[in-house]
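> the sequence isn't on hand, but the structure is:
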């Protein structure tokens, strides 16, 4: 069963919006971080209320991340129809819409759906990354790399986040996959954020840091990729960290 948070919680963004406006700054709100507002089980009225709140808080940028990007356009149009009749007509300017993809199959299927959905900023969350992803493959079907036409304009992917898997059943992430996305983003001038390695740290990254391993079972537990590179499972994902080739990547759209 889905539960709606308290009315007091729903009033908090109005306060944040006033504070941001007074300070002349913008604030980001990661909405429903443990839920998905585009889940079919979420009542339509809850979503309409959310988008009316988004319309009323133009000093806030709302991050909406979904695994159900195929629902987003239809559901957002429904919200737009509702807000047209309100005194706070919806603007997509402060909606940052993100789609989760984990491999090439999901990227090929879901990126066009993301690019066809209205938003001020569109982003990819490649977490957990479970295989290599070539974002330029979209170029062959959509004509322009990270972009496609939308309502006479160009829609783009404005941000890419990458992270490895954590937890008891985590799978390792090859550094070559991460480097490829980093390089693709650099070539397209798209901000790149590397969030974490997850439960496994590849040996080439460990050696660069002179890392001493403390694994879950008290010994070095290796997984070897087909190319021979090994990754070591660590006791805590925090031990693996988020350094890629000696650097942290914290880029965010401006």
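Happy to help now that I have it. A quick note: this is a predicted structure, and the numbers were derived from the prediction, not measured. Residues are numbered from 1 along each chain as shown.

> so who does residue 54 touch?
60, 62, 90, 94-95 (CB atoms under 8 Å, 6 or more residues apart in numbering). The way it works is simple: take the backbone N, C-alpha and C, and place the C-beta from them, glycine included.

> no, scratch that, I was asking about residue 132
By CB under 8 Å, 6+ apart, the residues touching residue 132 are 104, 174, 176-177, 180.

> ok so, going back, may I ask which of the contacts of residue 54 comes out lowest in pLDDT?
Looking at the contacts of residue 54 by pLDDT, the weakest one is residue 90, with 61.

> which two in the contacts of residue 54 are spaced the farthest apart?
Largest separation among the contacts of residue 54 by CB to CB: 60 and 90, giving 13.6 Å.

> thought residue 179 was touching residue 249?
No. Assessed by CB atoms under 8 Å, residue 179 is found out of contact with residue 249, at 10.9 Å.

> these two: who's more crowded?
Legend: neighbour count by other CB atoms under 10 Å for residue 179 and residue 249, higher for residue 249 (20 against 12).

> so what's that one closest to, chain neighbours aside?
Closest residue to residue 249 apart from its sequence neighbours, by CB to CB, 6 or more residues apart in numbering: residue 194 at 4.2 Å.

> tell me which element the one you found falls in.
strand 192-196 (DSSP states H and E).

> chain center to that strand: distance?
10 Å (CA atoms, centre = their mean, to the nearest Å).

> helices or strands up against it?
Judged by 3 or more CB pairs under 8 Å, 6 or more residues apart in numbering; DSSP states H and E, strand 192-196 is in contact with strand 159-163, helix 175-188.

> which helix or strand in this structure has the lowest average pLDDT?
strand 147-150 (a mean of 46; mean pLDDT, DSSP states H and E).

> and the most centrally placed residue in the chain, how far is that from residue 25?
A centroid search over the chain (CA atoms, centre = their mean) returns residue 125, at 2.9 Å, as the residue closest to the centre. For residue 125, the distance to residue 25 equals 25 Å [CB to CB, to the nearest Å].

> residue 129 should be in a helix, yeah?
No. The assignment for residue 129 by DSSP: H, G, I helix; E, B strand; the rest coil gives coil, which leaves it out of any helix.

> adjust the sequence numbering to begin at 47 for everything that follows.
Happy to do that; since the first residue is 47 now, the last one works out to residue 175.

> is it true that it touches residue 148?
Yes. Counting by CB under 8 Å, residue 148 is a contact partner of residue 175 at 6.5 Å.

> so between these two, which is more surrounded?
Neighbours per residue (other CB under 10 Å) separate residue 175 from residue 148, with residue 175 holding more: 24 against 17.

> grab the nearest non-local neighbour of that one.
residue 219 (5.0 Å).

> OK, contacts around the one you found?
With CB under 8 Å, 6+ apart, residue 219 has these contacts: 174-176, 210-211, 243-244, 246, 248, 277.

> measure it to residue 248 for me?
8 Å.

> identify the contacts common to those two.
Taking CB under 8 Å, 6+ apart as the contact rule, residue 219 and residue 248 both touch residue 277.

> residue 159: neighbour count?
15.

> residues in contact with it?
By CB under 8 Å, 6+ apart, the neighbours of residue 159 are 115-116, 118-119, 145.

> selecting buried members of these in PyMOL, what would you type?
Command for PyMOL that selects the buried part of the contacts of residue 159, burial taken from 16 or more other CB atoms under 10 Å:
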select buried, resi 115+118+119+145
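
> okay, the contacts of residue 159 in a markdown table with distance to residue 157 next?
Output for those, formatted as a markdown table (distance: CB to CB, whole Å):
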| residue | distance to residue 157 |
| --- | --- |
| 115 | 9 |
| 116 | 12 |
| 118 | 13 |
| 119 | 14 |
| 145 | 7 |
